[in-house]
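[1] structure, please.
(chains A and B)
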There are 2 protein chains.
Amino acid sequence: MRFKEAGAFLNIDLGALVFNWEGMRRYISPSSRCGAVVKSDAYGLGAEKISSALYRAGCRDFFVAYLSEGIALRRVIGDSGRIFVLHGFFSGTEREFTRYKLIPVLNTIEQIEGWLLYTQKVGHRFPVALHFDTGMSRLSFSRQDQEFLFGEGQDKLKLLEVVLVMSHLANGDIQGDKKNEEQLNLFRDIRDKVSKILGYSPEYSLSATAGIFLGKEYLFDLCRPGLGLYGIYPYIGLEDKILLRPVVSLYAKIIQLQRAHIGQSVGYGSSYSFTREGIIATVCLGYADGFLRSLGNKGYGSICGKQVPVIGRISMDLTTFDVTEVPSKDLYIGQEVEIIGPHNTIDFLANSGGTIPYELFTNIGDRYYRRYKNEEKLFSVDRK
Amino acid sequence: MRFKEAGAFLNIDLGALVFNWEGMRRYISPSSRCGAVVKSDAYGLGAEKISSALYRAGCRDFFVAYLSEGIALRRVIGDSGRIFVLHGFFSGTEREFTRYKLIPVLNTIEQIEGWLLYTQKVGHRFPVALHFDTGMSRLSFSRQDQEFLFGEGQDKLKLLEVVLVMSHLANGDIQGDKKNEEQLNLFRDIRDKVSKILGYSPEYSLSATAGIFLGKEYLFDLCRPGLGLYGIYPYIGLEDKILLRPVVSLYAKIIQLQRAHIGQSVGYGSSYSFTREGIIATVCLGYADGFLRSLGNKGYGSICGKQVPVIGRISMDLTTFDVTEVPSKDLYIGQEVEIIGPHNTIDFLANSGGTIPYELFTNIGDRYYRRYKNEEKLFSVDRK
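    Prediction:
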């Protein structure tokens, strides 16, 4: 949405993004390389800008969920760099994978068989990744699949050109959880079996942001940070190990200010009533913009550093705040209320709404004016 | 997203949409006309298709939130028909309103003054709507604003070409709530004052879907249904007064099926564990697609009429169901799990996630394949 008609402004600091990627890259180097997860339009922040910035910083391994995300990304980063499509392929899309040099992550026996059918038809092998389950029970080769692939199905594995073998931690953000070690041991076992069957060693990858900091043994050849890139700590305490800079801030314009009298109710269902005289600020932001409805009467904003509570239910396009305590010099039509920013972190906001920062990001709509910051500085990033 | 790579399918029945609009139109006619609220991309369902269908059915009064939504809509419905922009205008956009024949809904004294500045500069009046608060305390002329406009500020009103005066019910979906009658009485009082000051009678509008069924006195000249158009009853019991047909159904493909052993945990945080042997189905749908994270371990889907519970947390792009009880003939890769449909209504789903259907709609992303149904039948709609 254009600046002059936008009710809210989303700032995305590409300099901070690259800073975070660089920080993780340095932390894991030289034993492991640093990729980037940019699925779902880079978590709602704009895959084109985000990926382009990371590519310029040196990132060469990208992960998306869908084919079309992969095609769009290939157009952004050009011919070099690897793009992994996490969902694998659906029947009938194989040719597009090879045309755009996208690497399907094969998750099921059906995907392996379908891929072999295609490659045998065209008479050429193309690189694939394999995703093994070690504890997520979500999408990847299950225990039964593994028994098959390491037993009677191993001939199928041998027919593939495997460049990456991956798994995913379920509780990476819970340090000391014994499931992490369980998954690590299962993955090591898988690594040994796969390399032996293939007769060569593809790359191995286990860790996203949280896993990176569980210990050197979790790094393997390639890491796949998502959350951390966007400046979010997966758990409290990680600040001691790495400095991440916030990437996103969000401000919404005050469109109306009004005095409230005692007993005046606010919004749908009259869920909030004033027990003293006060001032209501209405801002152009609602649950259609991803400002979760669960934040009604629970969330906060901030005006010039002064915290202001959400009052009443969140509407589709509007939210009301109690701004009674804000100095009058700071209250005017057009004033920007900080929704996510230095005084009101995304962790705090997500927590208030009973969710995680990811969900807030990915539901961000397209009615914001987006300001990408520090794009020009990207070329001066220190790559030592 | 294209059919062949989509993981989920959103069906939008334009025939049902028009059926619902027609039903409400008949219910309120001839005393009141029936408009349509199509803001936020028609609540996420696609403003172009929705508005075009409603226009063909005879709707001539549309409501959007933002200028750019209005411009896009003007291009769809052509030169006739009225488009009201609920947020009014921001300074610097006045010319676009007049260029695209959009009617700003003025909500604040500042907007009135800004509009007068513009019209006096160009030497021409353009139609506007006025929005008065009667109990929402959100966006519209507050009690203080009204005192001003009906007193010393009435000369400003007289300079406007007012075509519509509106207000909005806070508790329209709670029948018997005394606030409805309070708001009705306040609005009648506003009507009398405005008409007297202006010296002519603009149209008046108070009710959205729920208000339509509160009684004839709530209808005024124009109604503004939103929810009802999309086949959703604002409260239980309304089925006795009007038949609404569901407009939206949503299906997600099974991408993986796997056996689960006793003790096997599922997803992030291992929040679900099997206490018996079972079968897990993973579908291509996650919170990035608007399938709210609050549905983790709470929501349901349906396979061939058999209810299946969500197990584990919702991931960004994937959701896992326990499909142990589904007959094996109905379990295969590519099978579509009903997420919203006849066996799993949107009300039920919204309720399970602690929200309302609106929020589910507006957070629908763009990774669905959209099937618009019954478009061809629109011309045969009975307009009696």
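
[2] from now on I want contacts and neighbour counts done on CA atoms only, so please keep to that.
    Will do.

[3] how far off centre is the lengthiest helix in chain A?
    In chain A, taking DSSP state H as the definition, the longest helix is helix A:178-198. Remark: helix A:178-198 is offset 26 Å from the chain centroid, using C-alpha atoms, centre = their mean, to the nearest Å.

[4] that one vs chain B: in contact?
    No - on the criterion C-alpha under 8 Å from any C-alpha of the partner chain, helix A:178-198 is out of touch with chain B, staying 9.1 Å away.

[5] what's the next secondary structure element after that helix?
    strand A:203-205 (DSSP states H and E).

[6] sorry, back to before: what helices or strands is the longest helix of chain A leaning on?
    helix A:143-150, helix A:154-158 (3 or more C-alpha pairs under 8 Å, 6 or more residues apart in numbering or on different chains; DSSP states H and E).

[7] to chain B, which of these lies closest?
    helix A:143-150 (7.7 Å; C-alpha to the nearest C-alpha).

[8] who touches A:Thr355 in this structure?
    Residues in contact with A:Thr355, defined by C-alpha atoms under 8 Å, 6 or more residues apart in numbering or on different chains, are B:Arg293, B:Ser294.

[9] that one and B:Tyr372, how far apart?
    Going from A:Thr355 to B:Tyr372 by C-alpha to C-alpha, to the nearest Å gives 32 Å.

[10] same check on A:Gln146?
    Taken as C-alpha to C-alpha, the span from A:Gln146 to B:Tyr372 is 41 Å.

[11] using CSV, write down the CA coordinates of the longest helix of chain A.
    Extracted C-alpha coordinates of helix A:178-198, given in CSV (Å, rounded to 0.1, in the frame of the first residue of the first chain):
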residue,chain,number,x,y,z
LYS,A,178,16.8,-35.1,26.4
LYS,A,179,14.9,-35.4,23.1
ASN,A,180,17.5,-33.3,21.5
GLU,A,181,20.2,-35.8,22.2
GLU,A,182,17.9,-38.6,21.2
GLN,A,183,17.4,-36.9,17.8
LEU,A,184,21.1,-36.2,17.4
ASN,A,185,21.9,-39.9,18.0
LEU,A,186,19.2,-41.0,15.6
PHE,A,187,20.5,-38.6,13.0
ARG,A,188,24.1,-39.8,13.4
ASP,A,189,22.9,-43.3,12.9
ILE,A,190,21.0,-42.3,9.7
ARG,A,191,24.1,-40.5,8.5
ASP,A,192,26.2,-43.6,8.8
LYS,A,193,23.7,-45.8,7.1
VAL,A,194,23.0,-43.3,4.2
SER,A,195,26.7,-42.7,3.5
LYS,A,196,27.4,-46.4,3.5
ILE,A,197,24.5,-47.2,1.1
LEU,A,198,25.3,-44.4,-1.3
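
[12] ok, is stretch A:240-260 in contact with chain B or not?
    Yes - Stretch A:240-260 comes into contact with chain B (C-alpha under 8 Å from any C-alpha), by way of A:Ile255, A:Gln256, A:Gln258, A:Arg259.

[13] so for that stretch, mean pLDDT?
    Averaging pLDDT along stretch A:240-260 gives 96.

[14] kindly report the same for stretch A:172-189.
    For stretch A:172-189, the per-residue pLDDT averages 96.

[15] quick one: it to chain centroid distance?
    22 Å.

[16] mind listing what's buried in it?
    For stretch A:172-189, the neighbour count (16 or more other C-alpha atoms under 10 Å in any protein chain shown) marks A:Gly172, A:Asp173, A:Ile174, A:Lys179, A:Asn180, A:Glu181, A:Gln183, A:Leu184, A:Leu186, A:Phe187, A:Arg188 as buried.

[17] now stretch A:337-356
    Within stretch A:337-356, the residues that qualify as buried are A:337-341, A:343-350, A:352-353, A:355-356, counting by 16+ other C-alpha under 10 Å.

[18] inside strands: which ones of those residues?
    In strands, defined here by DSSP state E, the members of those are A:Val337, A:Glu338, A:Ile339, A:Ile340.

[19] check contacts around the third one.
    Contacts for A:Ile339 (C-alpha under 8 Å, 6+ apart) come out as A:Ser249, A:Leu250, A:Tyr251, A:Ala252, A:Tyr300, A:Gly301, A:Ser302.

[20] so which residues on the stretch 101-250 of chain A come close to chain B?
    By C-alpha under 8 Å from any C-alpha, the residues of the stretch 101-250 of chain A that approach chain B are A:Thr108, A:Gly135, A:Met136, A:Ser137, A:Arg138, A:Leu139, A:Ser142, A:Gln144, A:Leu169, A:Ala170, A:Asn171.

[21] skipping its backbone neighbours, what lies nearest the fourth one in space?
    Nearest residue to A:Ser137, sequence neighbours excluded (C-alpha to C-alpha, 6 or more residues apart in numbering or on different chains): B:Val266, at 5.0 Å.

[22] also the last one?
    Excluding the flanking residues, the one nearest A:Asn171 by C-alpha to C-alpha, 6+ apart is B:Gly269, at 5.1 Å.

[23] having no further points to raise, I will conclude here.
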